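Enquirer: Sharing a sequence plus its predicted fold:
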Amino acid sequence: MELRHLLSRDQQRQLALLSFFYERDYLATEEELAALTGVSSSILQKDLAQIPQQHPELSLEKDDQGYHLRQVTPLSFNLIKARILNQSPSISLLRLLLFEECQSQTQAAAKLYLSSSTTHRYLEKLAQTLAAWGITIEMRPLRLEGSEVHIRRLYTSLYRQVQLWSQSFFATGDQDQALRRYLTDYLAAQNLPQSNYVMDKLFVSYFVASIRQSLGHRLRQSSPHPFLAEPAPYLTTTIENGLTPTPVNDLDQQDLLWLMFEDYALYRPDHFQIALATNPRIQKAQEFNKAFLAFLMAHYQLKLTSTRQQEILFQFISENEVFGPPKDMLQVLRHPRHFFLKKTQQFYPQEVADLKHSIQDFCHRRKEHLTTEFLDHLLYLVLQEIPETVLDCKPLKILVMSDLSASHNAHLVAILDKHLGANLDFQIVDQVFYNDEDLLAHFQQFDLLLTTVLPSENMQRFPVMVIPTFMDFRQLDRIHRKIQEIRNEKDAE
């Protein structure tokens, strides 16, 4: 479930317009924009005029091709989303509900500079949305009650999209830095991955849990976990002092790391195996996934080894929150995977349509409730883990070279593998070459070279592509097209 409808209509249109520009290489015709928004020409012109006013980093120009959106200075789409969300009274109201600072609707109205009737209208709309998730709004004091896991999911999604990373989550940046060091140490001690994605999600979910727990709301009671070690308590005092409105004592570290201790995030196969043996929710999801994988193998005549099947099942369930009732996600705006799905449908419309129909047929025969979000989630899992159902996926070796640092090399490889991964072996230069001949011989092993610097004359004899230091979906789209070109060339040989 997406909370986009909590934004005003003007904000929804602005978000849709900017999303369209960013996905379409910053170019769109007036006809396309009119079809997208469904408004009159005068309202569309007003909406377009507001874009550079509200985002000074952007300019908008019109010529015979249509409207060109240009970046005067770099501006990510994530920052655009955060700005728009932070301007919404509904989002501000959600934040007030998290911190439970208002004793009444009247106090909330005063904090938001709204009338009581307008605040009441926002609360009613929000209450109707959250009721489907077992979440209620209590009026005195003004707070959320009900399903604790869904409340935490909601705020984890919210803060990952509205909080600017230049801002501190806690009272000062010291608490933020302490928490990041703590999570780095904990993940290393548990031999768990320390990717930016994992760290970001754990950090925000920990922050949300610390606020909820400080106000008396717990998801779990501490008990020995068969896989995860008890987190060290040394951070507790630092984090407690950073909580608002008042510091608290005796935070439960397991409850703060609820994503892992409740098995909503399974970042290692052995954690998955333990959860599978002890957690009924994981067992139920695994039963569905095994039947789903067997169906795909039969339908597409796939020959997968037992080891590969286990790897796929682990990836299917590593982020498992969508498998619980109501088979949906409680999120503020759509997950980035929808961009991936949209692009894949553009490249392979018939193949994706056939896969979607197959998934719908499978769920219908099993009498599974299939929400739009659950369908998209299953589509994404299949395209990421078994892309041979749709894509031409001849294996390729790709060398990634960054001029920043070895850690940035690894960061680029992680991003590329996550979004483009299947049958692509991304590697970095992990040895020293003392002459050009040895280096060029090394290059010959690869089907494509991705580099952040302009290639030398010797490099240009190989398939090479210059990539930016920092990735966005537009650049990933360009790389995907290049990879498919190379695969097509191999088909023609």
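Expert: That came through, no problem. Nothing here was measured: the structure is a model prediction, and the numbers come from that model.

Enquirer: Count the neighbours of Gln309 for me.
Expert: Using other CB atoms under 10 Å, Gln309 has 15 other residues around it. To be clear about C-beta, it is placed using only N, CA and C from the backbone, and glycine gets the same treatment.

Enquirer: my bad, Val464
Expert: Residues lying near Val464 (other CB under 10 Å) number 19.

Enquirer: I'd say it and Phe446 touch.
Expert: No: contact criterion CB atoms under 8 Å: Val464 and Phe446 do not qualify, at 9.6 Å.

Enquirer: Now stretch 42-50 - C-alpha only, PDB.
Expert: In PDB, the C-alpha atoms belonging to stretch 42-50 read as follows (Å, rounded to 0.1, in the frame of the first residue of the first chain):
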ATOM      1  CA  SER A  42      -3.400  25.800 -18.400                       C
ATOM      2  CA  ILE A  43      -3.000  23.700 -15.300                       C
ATOM      3  CA  LEU A  44      -0.200  21.800 -16.900                       C
ATOM      4  CA  GLN A  45       1.600  25.000 -17.800                       C
ATOM      5  CA  LYS A  46       1.300  26.200 -14.200                       C
ATOM      6  CA  ASP A  47       2.600  22.900 -12.900                       C
ATOM      7  CA  LEU A  48       5.600  23.000 -15.200                       C
ATOM      8  CA  ALA A  49       6.400  26.700 -14.300                       C
ATOM      9  CA  GLN A  50       6.500  25.700 -10.600                       C
END
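
Enquirer: what mean pLDDT would you report for that stretch?
Expert: For stretch 42-50, mean pLDDT rounds to 95.

Enquirer: How about stretch 140-160?
Expert: The model assigns stretch 140-160 a mean pLDDT of 92.

Enquirer: Make residue 1 into 58 and carry on from there
Expert: All right, first residue 58 from here; so that's stretch 197-217.

Enquirer: Distance from that stretch to the middle of the chain?
Expert: Distance of stretch 197-217 from its chain centroid, counting by CA atoms, centre = their mean, to the nearest Å, is 19 Å.

Enquirer: which of the residues in it are buried?
Expert: Using 16 or more other CB atoms under 10 Å as the test for burial, stretch 197-217 gives 199-201, 204-217.

Enquirer: Just after the lowest-mean-pLDDT helix or strand in the chain, pick out the following helix or strand.
Expert: When the helices and strands of the chain are scored by mean pLDDT, DSSP states H and E, helix 293-299 comes last with a mean of 62. Next along the chain after helix 293-299, taking DSSP states H and E as the criterion, comes helix 310-313.

Enquirer: Tell me which other helices or strands that next one touches.
Expert: If you count contacts as 3 or more CB pairs under 8 Å, 6 or more residues apart in numbering; DSSP states H and E, helix 310-313 packs onto helix 253-271.

Enquirer: And the helix it packs on, what's buried?
Expert: Buried-residue list, helix 253-271, by 16+ other CB under 10 Å: 255, 258-271.

Enquirer: quick check: mean pLDDT across the one helix or strand Leu72 maps to?
Expert: Assessed by DSSP H and E, Leu72 sits inside helix 66-80. Here helix 66-80 scores 91 as its mean pLDDT.

Enquirer: Put the alpha carbons of that helix into CSV.
Expert: Taking Å, rounded to 0.1, in the frame of the first residue of the first chain, the C-alpha atoms of helix 66-80 are listed here in CSV:
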residue,chain,number,x,y,z
ARG,A,66,-3.1,16.8,-5.9
ASP,A,67,-0.7,19.5,-6.9
GLN,A,68,2.1,17.6,-5.2
GLN,A,69,1.1,14.3,-6.7
ARG,A,70,1.2,15.9,-10.2
GLN,A,71,4.6,17.5,-9.6
LEU,A,72,6.0,14.2,-8.4
ALA,A,73,4.6,12.4,-11.4
LEU,A,74,6.0,15.0,-13.8
LEU,A,75,9.5,15.0,-12.4
SER,A,76,9.5,11.2,-12.2
PHE,A,77,8.5,11.1,-15.9
PHE,A,78,11.3,13.5,-16.9
TYR,A,79,13.9,11.5,-14.9
GLU,A,80,12.9,8.2,-16.3
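
Enquirer: The closest residue to Phe404 other than its chain neighbours: neighbour count?
Expert: Leaving aside its sequence neighbours, Phe404 sits nearest to Gln541 (CB to CB, 6 or more residues apart in numbering; 7.4 Å). Number of residues near Gln541 (other CB under 10 Å) recorded here: 14.

Enquirer: Could you look up the SS state of Gln541?
Expert: Recorded secondary structure, Gln541: helix (DSSP: H, G, I helix; E, B strand; the rest coil).

Enquirer: wait, isn't it in contact with Lys400?
Expert: No: using CB under 8 Å, Gln541 is not in contact with Lys400; the gap is 11.4 Å.

Enquirer: List phi and psi for Gln128.
Expert: phi -100, psi 110 (degrees, to the nearest 10).

Enquirer: and it, what is it in contact with?
Expert: By CB atoms under 8 Å, 6 or more residues apart in numbering, Gln128 lies in contact with Tyr83, Glu114, Leu115.

Enquirer: Just checking, which of those comes out lowest on pLDDT?
Expert: In terms of pLDDT, the weakest of those is Tyr83, which scores 88.

Enquirer: okay but that one is in contact with Leu132, surely?
Expert: No: taking CB under 8 Å as the definition, Tyr83 is not a contact partner of Leu132, at 11.3 Å.

Enquirer: And the contacts of Gln128, which is closest to Thr241?
Expert: Of all those, Glu114 has the smallest distance to Thr241: 31.9 Å, by CB to CB.
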